[in-house]
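Asker: Okay, here's the prediction I keep looking at, along with the sequence it came from:
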There are 2 protein chains.
Amino acid sequence: MPRAGLNQPTVVREAARLADEVGFGQLTLAALAARLGVALPSLYKHVKGADALAQKLSALATAEIAEEMSAAAVGRAGADALRAVANAYRAYARRHPGRYPAAQRAPDPADPEHLAAGERAVAVVYAILRGYGVTGEPAVDAVRAFRSAVHGFVSLEAAGGFGLPRDVDRSFERLVDGLDIAFRSWPGRDQS
Amino acid sequence: MPRAGLNQPTVVREAARLADEVGFGQLTLAALAARLGVALPSLYKHVKGADALAQKLSALATAEIAEEMSAAAVGRAGADALRAVANAYRAYARRHPGRYPAAQRAPDPADPEHLAAGERAVAVVYAILRGYGVTGEPAVDAVRAFRSAVHGFVSLEAAGGFGLPRDVDRSFERLVDGLDIAFRSWPGRDQS
DNA sequence: GAAGCCGGCTAATGACATTAGCTTTAAAGC
DNA sequence: GCTTTAAAGCTAATGTCATTAGCCGGCTTC
């Protein structure tokens, strides 16, 4: 009987695909094992358990989001960069409806890869804010505002929280416009 | 053997208390039954199942949030009302860490109570926006922006997503200040 | 070619949700 | 006050899932 030849990255990547297909809430070790063609307990040779898998998935998704945010920001600044990065973030969440909620789990402090990925994502926002003259301590608040607004929108959208027929894309544009306005007069920014 | 004397409202209320104590994710029919002093299957006399219970919990939490937002808004207008309602929303989420995530589940269209509660909450925000001269279609975008920003903040905060020591209360104030600025120059508002 | 690591397996256990069907309480009706 | 009956509780059975223990055989390494 030949072996399946699994390893941790393969298992985590397949879990990500499965989560995108069936939803993060329906991601189950049983379904994952079936998908990979092995018996359920075999997965324990690669991941410590369901909880640890979710944590790895969070790390993967965080790294991917950071990567796409970075790519969107390159060669842009100011409102242009803000829009591009916000759009990239939302696009990722829509394209990966299973990975995205996984990424909401806070990093395990013992996983330096995960922590670094989170910091890469945040660094993209810091860089944009520098273009608005927002640096130092006030930038911490501004980064939190960006994350709150964009994550909030994306998660409400995914949950079907927007009932009305009004175009959701336009609402997102307005939200990002609002961030732009707020950052332009953010308290404590450098005067120019 | 005397009866427990349960009914649906009692069961749902106790579920809400339990969820606040152990977290929404750990809310289980087994734990709820133990708490109520009955056998697990007995709960099915009052709720259709775990999923239906979560839905009822969503309706309860939505109604409570709407109530607290309304109360916070009374006698206030403009930025004052905006701050008060945003603070009330966040305070509810912090006080009820189990109920709050339950409320993210979209209403069952067949539950008029739930739908009405959601509309009451949204109506509070519409009323505030009227004070900014934001009405009609643009107000739909503005309400979504409010919900996104506040819900996003609250859920990131609950997930432990804000790593840095920087004061979280201040960040929330800045976020709400940002909403105030954005609403003051919201595209499509009535000119005054 | 032998040794041994390690990736796969089966079996067993335990939590939970759900359904079926029984029993008995407690209230309604006579 | 007795009978009736709807429903609130129960036990038992089933199925899914996660987890742990322990076995076995294939691939790599010497």
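Answerer: Noted; the coordinates are in hand. Residues are numbered from 1 along each chain as shown, chains lettered A, B, ... in the order given.
Asker: And for the residue in chain A that chain B sits nearest to, the neighbour number?
Answerer: Relative to chain B, the nearest point of chain A is A:Gly152 (2.4 Å; CB to the nearest CB). Yep, even glycine has a C-beta here, placed from its N, CA and C like the rest. Applying the criterion other CB atoms under 10 Å in any protein chain shown, we find 25 residues in the vicinity of A:Gly152.
Asker: The one 3 residues further on too?
Answerer: Here the count is done by other CB under 10 Å, and A:Ser155 has 20 residues near it.
Asker: same question, A:Glu68
Answerer: Number of residues near A:Glu68 (other CB under 10 Å) recorded here: 19.
Asker: which element follows the helix or strand hosting it toward the C-terminus?
Answerer: Under the assignment given by DSSP states H and E, the secondary-structure element containing A:Glu68 is helix A:50-73. Using DSSP H and E, the next helix or strand after helix A:50-73 towards the C-terminus is helix A:78-95.
Asker: is the helix or strand following that following helix up against chain B anywhere?
Answerer: Tracing the chain past helix A:78-95, the next element assigned as helix or strand by DSSP H and E is helix A:99-102. No - if you take CB under 8 Å from any CB of the partner chain as the test, helix A:99-102 misses chain B, and the best it gets is 10.5 Å.
Asker: Using CSV, write out every CA atom in helix A:99-102.
Answerer: Provided in CSV are the C-alpha atoms of helix A:99-102 (Å, rounded to 0.1, in the frame of the first residue of the first chain):
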residue,chain,number,x,y,z
ARG,A,99,-9.3,31.5,5.2
TYR,A,100,-10.3,35.0,6.1
PRO,A,101,-12.2,34.2,9.3
ALA,A,102,-9.3,31.9,10.3
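Asker: tell me the mean pLDDT over that helix?
Answerer: Per-residue confidence for helix A:99-102 averages out to 98 on the pLDDT scale.
Asker: So which elements touch that helix?
Answerer: Judged by 3 or more CB pairs under 8 Å, 6 or more residues apart in numbering or on different chains; DSSP states H and E, helix A:99-102 is in contact with helix A:8-22, helix A:50-73, helix A:136-158.
Asker: between these, which one is nearest to A:Ala121?
Answerer: With CB to CB as the measure, helix A:50-73 is the member of the helices and strands packed on helix A:99-102 nearest A:Ala121 (3.9 Å).
Asker: The closest residue in space to A:Ile65 that isn't next to it in sequence: neighbouring residues, count only.
Answerer: Setting aside the residues directly before and after it, A:Ile65 is nearest to A:Tyr92 in space (CB to CB, 6 or more residues apart in numbering or on different chains), at 5.3 Å. Using other CB under 10 Å as the criterion, A:Tyr92 is surrounded by 21 other residues.
Asker: for the one 5 residues further on, same thing?
Answerer: Applying other CB under 10 Å, we find 15 residues neighbouring A:Pro97.
Asker: Next, the closest residue to A:Gly160 other than its chain neighbours: secondary structure please.
Answerer: Closest residue to A:Gly160 apart from its sequence neighbours, by CB to CB, 6+ apart: B:Ala106 at 4.3 Å. Using DSSP: H, G, I helix; E, B strand; the rest coil as the criterion, the local structure at B:Ala106 reads coil.
Asker: just checking, B:Ala106 touches A:Ala158?
Answerer: No - distance between B:Ala106 and A:Ala158: 10.3 Å, which falls outside the contact criterion (CB atoms under 8 Å).
Asker: buried set for stretch A:167-174?
Answerer: Within stretch A:167-174, the residues that qualify as buried by neighbour count (16 or more other CB atoms under 10 Å in any protein chain shown) are A:168, A:171-174.
Asker: now swap in stretch A:106-120 and tell me
Answerer: In stretch A:106-120, counting by 16+ other CB under 10 Å, buried: A:106-107, A:114-115, A:117-118, A:120.
Asker: for chain A, what are the low-confidence residue spans?
Answerer: A:1-2, A:192 (pLDDT under 70).
Asker: Now with 80, please.
Answerer: Low-confidence segments of chain A, defined by pLDDT under 80: A:1-4, A:164-165, A:191-192.
Asker: of all the residues in it, which ones are close to DNA strand C?
Answerer: Taking CB under 7 Å from any atom of the strand as the criterion, chain A approaches DNA strand C at residues A:3-7, A:37-39, A:41-42, A:45-46.
Asker: May I see the buried residues of stretch A:95-103?
Answerer: Residues A:96, A:98-103 are the ones in stretch A:95-103 that count as buried (16+ other CB under 10 Å).
Asker: Let me see the contact set for A:Val140.
Answerer: Residues counted as contacts of A:Val140 (CB atoms under 8 Å, 6 or more residues apart in numbering or on different chains) are B:164, B:166, B:171.
Asker: 6 Å instead?
Answerer: B:164, B:166 (CB atoms under 6 Å, 6 or more residues apart in numbering or on different chains).
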